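Colleague: Sequence first, then the predicted structure, then my questions.
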Amino acid sequence: MEYKCFYCDKKVSDEYLRKKIRCPYCGNKILYKPRAVSTKIKAR
């Protein structure tokens, strides 16, 4: 599973987060899991 940094928007691997809860690129502590975009279809 991959996380993204809220500040620099780069991907952070799950393996790295076991050691530190910080972005390795910018040092930000706010990370999130990107979600898939769902498509809604209108019924007729």
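Modeller: Great, that's in hand. On a predicted model such as this, the values are computed, not experimentally measured, just so you know.

Colleague: Mind pulling up the pLDDT for the spatially closest residue to residue 7 that is not a sequence neighbour?
Modeller: If you skip the residues right next to it in sequence, residue 7 has residue 28 as its closest partner in space, 4.0 Å away by CB to CB, 6 or more residues apart in numbering. Glycine gets a C-beta too; all of them are placed from N, C-alpha and C. pLDDT, residue 28: 91.

Colleague: tell me the phi and psi of residue 28?
Modeller: phi -70, psi 150 (degrees, to the nearest 10).

Colleague: wait, isn't it in contact with residue 4?
Modeller: No - under the criterion of CB atoms under 8 Å, residue 28 is not in contact with residue 4, lying 10.6 Å apart.

Colleague: ok, and what's touching the lowest-mean-pLDDT helix or strand in the chain?
Modeller: Within the chain, no helix or strand scores below helix 14-17, which has a mean of 80 by mean pLDDT, DSSP states H and E. Around helix 14-17, the neighbours that count as contacts under CB atoms under 8 Å, 6 or more residues apart in numbering are 1-3, 24, 31.

Colleague: How far does that helix sit from its chain's centre?
Modeller: Using CA atoms, centre = their mean, to the nearest Å, we find the averaged C-alpha position of helix 14-17 to lie 12 Å away from the chain's own average C-alpha position.

Colleague: buried ones in it?
Modeller: Applying a neighbour-count criterion of 16 or more other CB atoms under 10 Å, one finds residue 17 buried in helix 14-17.

Colleague: now stretch 16-23
Modeller: Applying a neighbour-count criterion of 16+ other CB under 10 Å, one finds 17, 22-23 buried in stretch 16-23.

Colleague: Pipe the residues you listed into JSON lines and attach distance to residue 8 per row.
Modeller: Converted to JSON lines, the buried residues of stretch 16-23 look like this (distance: CB to CB, whole Å):
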{"residue": "17", "distance to residue 8": "15"}
{"residue": "22", "distance to residue 8": "12"}
{"residue": "23", "distance to residue 8": "6"}
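
Colleague: Now do the helix or strand following the least confident helix or strand of the chain: which elements does it pack against?
Modeller: Under the assignment DSSP states H and E, the closest C-terminal helix or strand after helix 14-17 is strand 31-32. When contacts are defined as 3 or more CB pairs under 8 Å, 6 or more residues apart in numbering; DSSP states H and E, strand 31-32 sits against strand 2-5.
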